[in-house]
Each structure stands twice: as C-alpha cells, then as structure tokens.
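Engineer: Starting from these lines, generate the structure:
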Amino acid sequence: MTTKRLIAAILVIFALGSVAYTVVREGIQRRTHSTSEPVNAGHSGVSPSVIVFFFDSDKECTTCSQLESYALEMIQNDFAPELSSGKLRWRVINVDEPENEHYVTEYGLYSKAVVVSRIENGQEMRWENLEDIWELVYDKPAYQEYIRTNVKDFLGEAP
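Structural biologist: Numbering: from 1, shown residues only. Below is the predicted model:
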C-alpha cells in the first residue's frame, strides 16, 4: 500500500508543479510581451539608441524560453545603466499577433529570434538578426557573450 501512496503523492506533486509553472509563465508573458509599437516610438529625447528585440510567438517550448530568459538576464545584468538612460531598450514582440506580422518580413524571421536595431533621429539605421542563438542556446556563457558583443557593437557606433 505504501508504494501506491508514494506514486499517488508524486503524481499530485507533479500536477501541482505543472499548474504552478503554467501560472508563473503566463504572468511573465503578460508583463514582458508588448503590443505593436513603431520601432522609433519613444526615442525623441535619446539619440542614438539601440533596441534588442526578442521575437516570440504563441508556440512555447523549453528551448524558446531559454532563448528569451538568457538574453534578458544578460541585458539586465550587463547593461543596467544603458537601460535606465533609455539608450538601450528590451522589447518582446509576439509575431503571431496580426499587428506584428510585418516584422517577419522586415527582419527575415523564421522562428523565435533576437534582433538588435540601432535608431538615430527616429530612424532605424542598422539591424542584425542574431541567427546563431539557436546554435549557442545550450552553452549559456557563449550565448550571452554572443548577444553582449553585438549589443556593445551597436551601442558603440558613432552617431
């Protein structure tokens, strides 16, 4: 009888953990996903500036969550002053929303993606789709260094 109770307890714990994970993930998505906003919105006082986009969709997977969380963690830790000043911005965009579908064509997206964009005087001057994220996601330090290097490059360009 104890084996049955142990298995039942494990199943209950697993079910509760799954529900908790779903609730937490939904809350994170509501806080981080933005609606469509023009690329140059909010840049009138800060020029030049850089936007790091994470392009998301309604399809969820563990690897996709790592792509977003590793990038956001590094951005928040390594670029806090730039985020505070508005020189650097982080935006999550769901390309499955009709108003955001244009990004798929504009940036050549085929899946979840990190795109770095440089804005000067309200105009996008340069952008890069960091396509190697899929190859590096299982090596967190290399993944974060790849994004860090590209963001520094975009931030360091002369106006």
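
Engineer: Is it correct that residue 116 falls within a strand?
Structural biologist: Yes: assigned with DSSP: H, G, I helix; E, B strand; the rest coil, residue 116 falls within a strand.

Engineer: Could you report the pLDDT at it?
Structural biologist: If you check residue 116, the pLDDT there is 97.

Engineer: got the contact list for residue 101?
Structural biologist: With contact set as Cβ atoms under 8 Å, 6 or more residues apart in numbering, residue 101 has these partners: residue 95. Every C-beta, even on glycine, is put in place using the N, C-alpha and C of the backbone.

Engineer: That one and residue 78: what is the separation?
Structural biologist: Distance, residue 101 to residue 78, by Cβ to Cβ, to the nearest Å: 31 Å.

Engineer: what does residue 147 give?
Structural biologist: Residue 147 sits 9 Å away from residue 78, going by Cβ to Cβ.

Engineer: quick one, domains of the chain?
Structural biologist: Domain ranges of the chain: 1-33, 35-156, per automatic domain parsing.

Engineer: Would you single out the least confident of those domains?
Structural biologist: Here the lowest mean pLDDT among these goes to domain 1-33, at a mean of 63.
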